[in-house]
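Undergrad: sequence? don't have it. structure:
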DNA sequence: CTCCGTGCCTGTGAGC
DNA sequence: TGCTCACAGGCACGGA
């Protein structure tokens, strides 16, 4: 599942391969991919546009075309694959961009959760990608700005907060569990109960974790790949995600899996001390 | 306000 | 061997 490090690596791959290039044609084997305009209109408008810039905001990829903004969310299984020449669309190919010359870019998405939205210059501000919280890789992700966000919702539980893209943008289930374990804080803690040192540990953990993951090429459990189909290897460096029963990296105690915010949550119940009130149902 | 369940999807793997 | 079915989860949305 692409989260910030994976999306960032894909953005860098797109920078390398399609920046400055002109889109000769787009086809949409799965037209439902485009959410906010008619697919035929989408194809028509994109044709002939040049890729001016590529940005990432949280888990969104923003492709700046001449007078349009293409906003892409990969959701669970979306990936881009770049080819030097024409390649036949596979069973999960949802969009094919053909550039002037022979190069092609396939958008592949097994589960069809991914979304494309096309915005005109001027209406971009209404797009979801412009309603996000702090990006942990940006310079402005300082401890004080992070703490400001924590203070806004004192009665929210920590994991719910970290997953909410309106406060911090880019974290998903894997990196939230990893960051909380690294900082040794239980996911069900209320924000208002966090000590100053815990907040600082969490802030530092998030930044360090995401940077490390990018250096390792991201986490490839199943679908995520780079533009050339490369796997990331950060899954080999994860300490808790999908490791129930395995010994905790810090203390050796067997890791647990609970359900929190409706999601599978991995943690060490010894290092990450539960709050006094019900922490959630323990499944083992 | 916060929390929880549901729908969107389909491949995977456990269990029978 | 082949089938069924729960599970995975980001996000939007509706209801408690």
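TA: Structure's in. What do you need? Just so we're clear, the structure is a prediction, and the values are computed from it rather than from any experiment.

Undergrad: Please identify the residues of the stretch 101-250 of chain A in proximity to DNA strand C?
TA: Along the stretch 101-250 of chain A, the residues adjacent to DNA strand C under the rule Cβ under 7 Å from any atom of the strand are A:111, A:113, A:128, A:163, A:165, A:172-174. C-betas here are computed from N, CA, C, even on glycine.

Undergrad: Widest-spaced pair of these?
TA: Farthest pair in these (Cβ to Cβ) is A:128 and A:174. Separation: 21.3 Å.

Undergrad: Those two: which has the busier surroundings?
TA: Comparing residue A:128 with residue A:174 by other Cβ atoms under 10 Å, the one with more neighbours is residue A:174, at 23 against 15.

Undergrad: right, and the more buried one touches residue A:219 too?
TA: Yes. Proximity of residue A:174 to residue A:219 meets the contact threshold set by Cβ atoms under 8 Å, at 6.1 Å.

Undergrad: Now list whatever residues contact both of those two.
TA: The contact sets of residue A:174 and residue A:219 overlap at A:3, A:238 (Cβ atoms under 8 Å, 6 or more residues apart in numbering).

Undergrad: Kindly state the domain boundaries assigned to chain A.
TA: As assigned by automatic domain parsing, chain A contains the domains A:4-130, A:143-282.

Undergrad: Residue A:261 versus residue A:5, what's the distance?
TA: Residue A:5 is 21 Å from residue A:261, where distance means Cβ to Cβ, to the nearest Å.

Undergrad: Which of the two has more residues huddled nearby?
TA: Ranked by neighbour count (other Cβ under 10 Å), residue A:5 and residue A:261 place residue A:5 first, with 26 against 17.

Undergrad: Tell me if I'm right that the more buried one and residue A:234 touch.
TA: Yes. Residue A:5 lies in contact with residue A:234 (Cβ under 8 Å); the separation is 7.0 Å.

Undergrad: Give the intersection of the neighbour lists for the two.
TA: Counting by Cβ under 8 Å, 6+ apart, the residues touching both residue A:5 and residue A:234 are A:213, A:218-219.

Undergrad: Run the chain-centre distance for stretch A:177-189.
TA: Mean C-alpha position of stretch A:177-189 versus that of the full chain (Cα atoms, centre = their mean, to the nearest Å) differs by 19 Å.

Undergrad: So is it next to DNA strand B?
TA: No. Using Cβ under 7 Å from any atom of the strand, stretch A:177-189 never reaches DNA strand B; the gap is at least 7.9 Å.

Undergrad: now do the same end-to-end measure for that stretch.
TA: 13 Å (Cα to Cα, to the nearest Å).

Undergrad: And the strands in the stretch 51-200 of chain A?
TA: A:53-57, A:60-64, A:68-73, A:78-83, A:93-99, A:104-109, A:115-120 (DSSP state E, counting those that start in this stretch).

Undergrad: got these as TSV, with mean neighbour count columns?
TA: TSV is the format used below for the strands of the stretch 51-200 of chain A (neighbours: other Cβ atoms under 10 Å):
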stretch	mean neighbour count
strand A:53-57	18
strand A:60-64	22
strand A:68-73	22
strand A:78-83	22
strand A:93-99	20
strand A:104-109	22
strand A:115-120	19
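
Undergrad: mind giving me JSON lines with those strands and columns for mean pLDDT and distance to residue A:42?
TA: Formatted as JSON lines, the strands of the stretch 51-200 of chain A follow (pLDDT from 0 to 100; distance: least, Cβ to Cβ, whole Å):
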{"stretch": "strand A:53-57", "mean pLDDT": "94", "distance to residue A:42": "19"}
{"stretch": "strand A:60-64", "mean pLDDT": "94", "distance to residue A:42": "13"}
{"stretch": "strand A:68-73", "mean pLDDT": "94", "distance to residue A:42": "9"}
{"stretch": "strand A:78-83", "mean pLDDT": "95", "distance to residue A:42": "17"}
{"stretch": "strand A:93-99", "mean pLDDT": "96", "distance to residue A:42": "9"}
{"stretch": "strand A:104-109", "mean pLDDT": "95", "distance to residue A:42": "13"}
{"stretch": "strand A:115-120", "mean pLDDT": "93", "distance to residue A:42": "5"}
